[in-house]
Structure formats: structure tokens, C-alpha cells
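Participant: Everything below, folded, please.
(chains A and B)
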Amino acid sequence: MSSAFHNLKVMNRLDLTRLTVAQLKRDEAVIGGIGNANFDLWETGQRPQNFYMLGSMGLTIPIALGVAIAQPKRHVVALEGDGSLLMQLGCLTTVAVQAPKNLTMVVWDNGIYQITGSQPTASQATADIVAIARGAGLANSAWAADEDEFERLVARALEGGAPSLIAARIDGAPGVGKTERDPVAIRASFMRGIAVKK
Amino acid sequence: MNNVSAASDAKPWHQIVLETLKANDVRLIVYVPDRVLTQLIAALHADAFFTVFAATREEEAVGIITGAYMAGLRGAVLMQTSGFATLPNALASLVSPSQIPALLFVSERGTLGEFNLGQALVAKTMRPVLDALAVENHTITRHDELAFIVDRSIKQAYATQAPVVFILSPLLTGGKVFAA
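Facilitator: Numbering: from 1, shown residues only, chains lettered A, B, ... in the order given. Prediction:
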């Protein structure tokens, strides 16, 4: 295990997703990454400002960046897993260059590809997601040591001003919710939720 | 510029593309660069109407314009043939099932004088993939048809909520030729 993880409490994705959603007071957009990230987001209640990905692993943060650029007055939260992010690390450099003031990236790091049989990811033992993010140019990147610190980091990130990345070590529990697998309905609902579609 | 058809016309192809994007309120341009697209990219960067930047990968660019579209901002992606070859999953699992009017401009490498075998082979995967996915695509060879095809197809993309791919042939752009 990387030395970065020594003092980190192993938390639970659904618990932390609830803590995140509870802080959303201004119709923030949330992009739930493929698989468990959006299953747990679904379980917290279907806010119309939520977008649930059903494919395109790795594109959570790019989609969130697009929303953030299009609607600079609305804060956007991306919920992404470690395996997915490792597939598309370059996107962190793009976010750093564009530096949207209204984007928060949350990375659930269980160190496994849980949904495919819990095979190890690179972040289980060696890769440090926060160090990678800082190296990409995202200065506001931090591990959450426990739930209290996670809440504080989310609250600070939602104030905006610069893109933030919050990483949390989580357990290997599968996602709880069962997201409706209707991409057109999800997209239309999201567009209504963020005032693009009537 | 080695543009045969543009020689008889005051407006170069890239100016027509820029003006057509602007006329259709397509403001966000995300690209992975290509030599053939250099002048278009430079002109877009120089025009404050557009928000223009590079992504590290074509599928990343598609994700960005997908998010932007859903949030009310129209976008397009610029790439070359080999970059298109990285896109089938993003098209099949995001753009097509979610009915996203993604505008994709592909500078066609791998034909009409290609010097790189890697480009020549990957080019042959492009149209079969698009046809398999039933994604509207146009290979543009003629300068006099460029504005019509791009303008009408952008309008159709938004009206029908479907992606469209513009393959920019070396017959239009001059292509990239081996520097002897």
C-alpha cells in the first residue's frame, strides 16, 4: 500500500454519496460515473440534476467539464471510480488547463474493479490518485481521512473558485441502487433538471 | 496550401467550416490536432466567438461536448483518422444511445497519397464502423458542396438528435503529403 493511504479511514461509497448530496443546495449538477458510482447516486434519490452514465467508462469527468463550461454559474460534481479514472487520466490535465471554477471531482478509490470481480487496480498498492491529480496541475486535490474531513472538503469545493478533486478510500461493497437503463430518458430528465429543456 | 479546388475560390475550406459553425451557433470546439487542420484550428482560436481547446484523447473530447450539449452549449470535435479509430465505444455507449447531436470533423488520412502505412490501414476501419453504428457520415471532396453539406447536416443533427461525421477528404483539404 502506498504511504499516502496510511492514515486514511476506509469508508463506504453510499455513505459518502449521501453526505455529498446532502450538501447540494443550489441545484448543482451531478454526473454519476459508470457502474457503482451512479448506482449509489441513484440510491440517494433521483434529483433531476443527476446524470447517470450507462457506458463510456472514463468519461465522467470530461462530461462534467462540458457541463461546467456550458453553465459557469452552476456547480458541477463528478463522481468517479478509481478504475474508470485510471482509464482516462489525461482528462485531469485538461481540467487543470481549463480550470473551471465550478467543478468538483470526487474519486471513490476501493483499489479494485469491484463490478467485474474485484480485480486489483493500480491504486490498490502503488498509484496515488491525489498525487496524480496534483501532478496534472490540480492544486486543490486532497485525500479525505474520514467522513468529517470528507464533508469539510466537499463544502469547501462547492464554494468554487477553482477545480477541486477529493479522493476517498472506500470498502469493496457493491453499489446499492438499480439505475434505470434508459439513456434517452436519463438525458432528457437531466436537461430539464438543469434548465436546458422544458 | 495545396488546395486545388480552393484555388478558384476566394474562401478557403477552413473559412467555410468556421463560418458554418458560427452560423449554427456551435461555440465549443475541442480537438486533438492534425497537420491538415492547423489553419482551421488557428482560425478558431483567433475568433472570440469560439471556446477552443485541445483534449488529450478523442473520446475525452466527445465526453466534453456531450456534457456541453446537455447543458445547452453546442460543440464539435476535430480529429484525424487515427483518432476516430479510438471512438467506437464512446459512440456506441454514450452518443448514440443517449441521442447526442455530436458533430465530428475528421481529417482523412490514409488515402490519396498517404505515406504512412499505419494511417492507411486505420483509415479503412472508419466507414465500416460508422455504417455499423448507423451514424450519418459524409465524405466531403468538393469545395462547392462543403457549406451545403455541413450546414444542412448540422441542422439535421440537432433536429433529429443524432451525431454526424464529416470526413474531410484530401480532395478538399489538400491532405498531408510526404515532405521529400
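Participant: Please count neighbours and contacts with C-alpha atoms only from this point.
Facilitator: Noted.
Participant: Return the distance of the residue most central in space within chain A relative to chain B.
Facilitator: Centroid-nearest residue in chain A: A:L79, 1.7 Å away (criterion: CA atoms, centre = their mean). As judged by CA to the nearest CA, to the nearest Å, A:L79 and chain B stand 14 Å apart.
Participant: State the helix or strand in which A:I31 lies.
Facilitator: Per DSSP states H and E: A:I31 is located in strand A:29-32.
Participant: Tell me if that strand is near chain B.
Facilitator: No. Using CA under 8 Å from any CA of the partner chain, strand A:29-32 never reaches chain B; the gap is at least 9.3 Å.
Participant: pLDDT weak spots in the chain?
Facilitator: Picking chain A for this. Where chain A drops to pLDDT under 70, the residues are A:1-4, A:6.
Participant: wrong one, chain B
Facilitator: Along chain B, the parts satisfying pLDDT under 70 run over B:1-9, B:179-180.
Participant: Spell out the residue ranges of the helices in it.
Facilitator: B:13-23, B:38-46, B:58-70, B:81-84, B:88-90, B:117-123, B:126-132, B:143-160, B:170-173 (DSSP state H).
Participant: Looking at the ones you listed, spot the one closest to A:Q98.
Facilitator: helix B:58-70 (11.8 Å; CA to CA).
Participant: so that closest one versus helix B:143-160, what angle?
Facilitator: 60 degrees (axes from the mean of the first three to the mean of the last three CA atoms, to 10 degrees).
Participant: Quick check: which helices or strands does helix B:58-70 pack against?
Facilitator: Here helix B:58-70 touches helix A:60-70, helix A:183-193, strand B:26-31, strand B:74-80, helix B:88-90, going by 3 or more CA pairs under 8 Å, 6 or more residues apart in numbering or on different chains; DSSP states H and E.
Participant: CSV please, covering the ones you listed and showing distance to A:V107 and mean neighbour count.
Facilitator: CSV is the format used below for those (distance: least, CA to CA, whole Å; neighbours: other CA atoms under 10 Å in any protein chain shown):
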stretch, distance to A:V107, mean neighbour count
helix A:60-70, 10, 29
helix A:183-193, 22, 19
strand B:26-31, 24, 23
strand B:74-80, 27, 25
helix B:88-90, 21, 17
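Participant: could those be laid out in TSV, adding distance to B:F53?
Facilitator: Formatted as TSV, the helices and strands packed on helix B:58-70 follow (distance: least, CA to CA, whole Å):
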stretch	distance to B:F53
helix A:60-70	12
helix A:183-193	24
strand B:26-31	5
strand B:74-80	10
helix B:88-90	20
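Participant: Look at B:D131 and say how many residues are nearby.
Facilitator: B:D131: 11 surrounding residues under other CA atoms under 10 Å in any protein chain shown.
Participant: Give the helix, strand or coil label for A:K25.
Facilitator: Here A:K25 is coil, with the state taken from DSSP: H, G, I helix; E, B strand; the rest coil.
Participant: for it, phi and psi?
Facilitator: With angles defined as degrees, to the nearest 10, A:K25 sits at phi -120, psi -10.
Participant: ok, now the one 3 residues further on?
Facilitator: Listed backbone geometry of A:E28 is phi -60, psi 140, with angles given as degrees, to the nearest 10.
Participant: Show the contacting residues for it.
Facilitator: For A:E28, the contacting residues are A:49, A:74-77, by CA atoms under 8 Å, 6 or more residues apart in numbering or on different chains.
Participant: Next: A:L8.
Facilitator: Listed by CA under 8 Å, 6+ apart, the contact set of A:L8 reads A:143-146, A:169.
Participant: Of these, which belong to strands?
Facilitator: When DSSP state E defines the strands, the subset of the contacts of A:L8 inside them is A:143, A:169.
Participant: out of the contacts of A:L8, who's near chain B?
Facilitator: Okay, of these, nothing touches chain B (CA under 8 Å from any CA).
Participant: Please indicate which of the contacts of A:L8 are buried?
Facilitator: Buried by 16 or more other CA atoms under 10 Å in any protein chain shown: A:143-146, A:169, out of those.
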